[in-house]
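Student: need a structure here:
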Amino acid sequence: GEMIIGIEEILLKEDTDVVLVQGDTNSVLAGTIAATKLDCDVGHVEAGLRSFDRDMPEEKNRVIADHTADYLFAPTEQSEEFLLEEGLPEDRVFVTGNTVVDAVQQNHKLASRKSSVLEEFGLEDTEYGLLTAHRAENVDDKETFEDLLEGVERVGEELDIEFLYPIHPRARGQLDEFGLSIPEHIKTIPPQDYLDFLQLQSGAKIILTDSGGVQEEACILGVPCVTLRENTERPETLEVGANRLAGTA
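Tutor: Sure, this is the predicted structure:
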């Protein structure tokens, strides 16, 4: 609610004609609502992504944004097909490609030059895994979060590697609240900026994640990815064999 109020103030001040929202966050939902109320045109970047899991808050955000937006910028033909199947007008849909691909290609070499994160954590000559887990359905339930960590621990034992876990403050809070301990093969580190995280992804032996964007980035970087969810809104990563769904149990 506060985001809607704040965004509306800016849109009025700037006399805005078109608002672009990207992704499926609460910020996207707030921007869409604020812009629509003021009769601004809305363009949704990453339109048409679907997990078909209505229990996922992000799924509701992207559906609302898609059905409200005037311009739907779909990353793939599959996303376009989902939009058309939902009855959205074809003249609103534009297949533009994926902005994540552009971002990774533009910044991969820059990250290798500028980032010192591998040296910082002593990873230059060490094989390691990378873990991200932040979604409410994974970290808000004690049993699910515990199962997820135990599963990652088993992978670490099997591959004889340590997993670095840049832990979100909210997930850290849930760990403390539930009284869960971090297993031996997982090392928590602070959240990383984009270039450092890109460098960590690039050097990892394997990535375990519940993030949508990380699934795409791992695919682009050629790093094997396992998604700790029952579904994904990035089915293309599954189709090309770059990603596997594993759930958390």
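Student: drop to CA atoms for contacts and neighbour counts, all remaining ones
Tutor: Fine.
Student: domain boundaries for this structure, per the record?
Tutor: Per the TED database, the domain ranges recorded for the chain read 1-97, 100-245.
Student: what's the spacing between residue 169 and residue 139?
Tutor: Residue 169 sits at a distance of 11 Å from residue 139 (criterion: Cα to Cα, to the nearest Å).
Student: neighbour count winner among the two?
Tutor: residue 139 (21 against 12; other Cα atoms under 10 Å).
Student: pretty sure that one sits against residue 132.
Tutor: No: the criterion here is Cα atoms under 8 Å, and residue 139 misses it with residue 132 at 11.0 Å.
Student: got phi/psi on the residue lying closest to residue 51 once chain neighbours are set aside?
Tutor: Nearest non-adjacent residue to residue 51, counting by Cα to Cα, 6 or more residues apart in numbering: residue 233, 4.2 Å away. Main-chain dihedrals, residue 233, degrees, to the nearest 10: phi -90, psi 10.
Student: kindly report the same for the one 4 residues further on.
Tutor: Note on residue 237: its backbone torsions stand at phi -70, psi -30 [degrees, to the nearest 10].
Student: for it, give me its contacts.
Tutor: Applying Cα atoms under 8 Å, 6 or more residues apart in numbering to residue 237 gives the contacts 215-216, 219, 243.
Student: what about 7 Å?
Tutor: Contact analysis of residue 237 by Cα atoms under 7 Å, 6 or more residues apart in numbering lists 216, 219, 243.
Student: which ones among those residues map onto strands?
Tutor: Of the positions in those, residue 243 sit in strands, assigned by DSSP state E.
Student: which one (most neighbours) among the contacts of residue 237?
Tutor: Neighbour-wise, the contacts of residue 237 (other Cα under 10 Å) top out at residue 243, 24 neighbours.
Student: may I have the lowest-mean-pLDDT helix or strand in the chain as PDB, with CA atoms only?
Tutor: Here the helix or strand of the chain ranked lowest by mean pLDDT, DSSP states H and E is helix 136-139, holding a mean of 91. Coordinates of each C-alpha in helix 136-139 appear next as PDB, following Å, rounded to 0.1, in the frame of the first residue of the first chain:
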ATOM      1  CA  ALA A 136       8.100 -17.900   1.400                       C
ATOM      2  CA  GLU A 137       6.900 -21.500   0.600                       C
ATOM      3  CA  ASN A 138      10.500 -22.700   1.400                       C
ATOM      4  CA  VAL A 139      11.600 -20.700   4.300                       C
END
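Student: let me see the mean pLDDT of the next helix or strand after it.
Tutor: Downstream of helix 136-139, the next assigned helix or strand under DSSP states H and E is helix 142-159. Throughout helix 142-159, pLDDT has a mean value of 96.
Student: show me what counts as buried in helix 142-159.
Tutor: For helix 142-159, burial by neighbour count (16 or more other Cα atoms under 10 Å) applies to 142, 144-146, 148-153, 155-156.
Student: what's the answer for stretch 108-116, then?
Tutor: Buried residues in stretch 108-116 (16+ other Cα under 10 Å): 111-112, 115.
Student: how about stretch 124-141?
Tutor: Buried, per 16+ other Cα under 10 Å, within stretch 124-141: 128-135, 138-140.
Student: now do stretch 212-224
Tutor: Per 16+ other Cα under 10 Å, stretch 212-224 contains these buried residues: 214-221, 223-224.
Student: who touches that stretch?
Tutor: 100-101, 104, 201-202, 204-207, 225, 234, 237, 242-243.
Student: nearest to residue 42, of those residues?
Tutor: residue 100 (20.3 Å; Cα to Cα).
Student: so residue 181: helix, strand or coil?
Tutor: coil (DSSP: H, G, I helix; E, B strand; the rest coil).
Student: which non-adjacent residue is nearest it?
Tutor: Closest to residue 181 by Cα to Cα, 6+ apart is residue 175, at 7.3 Å.
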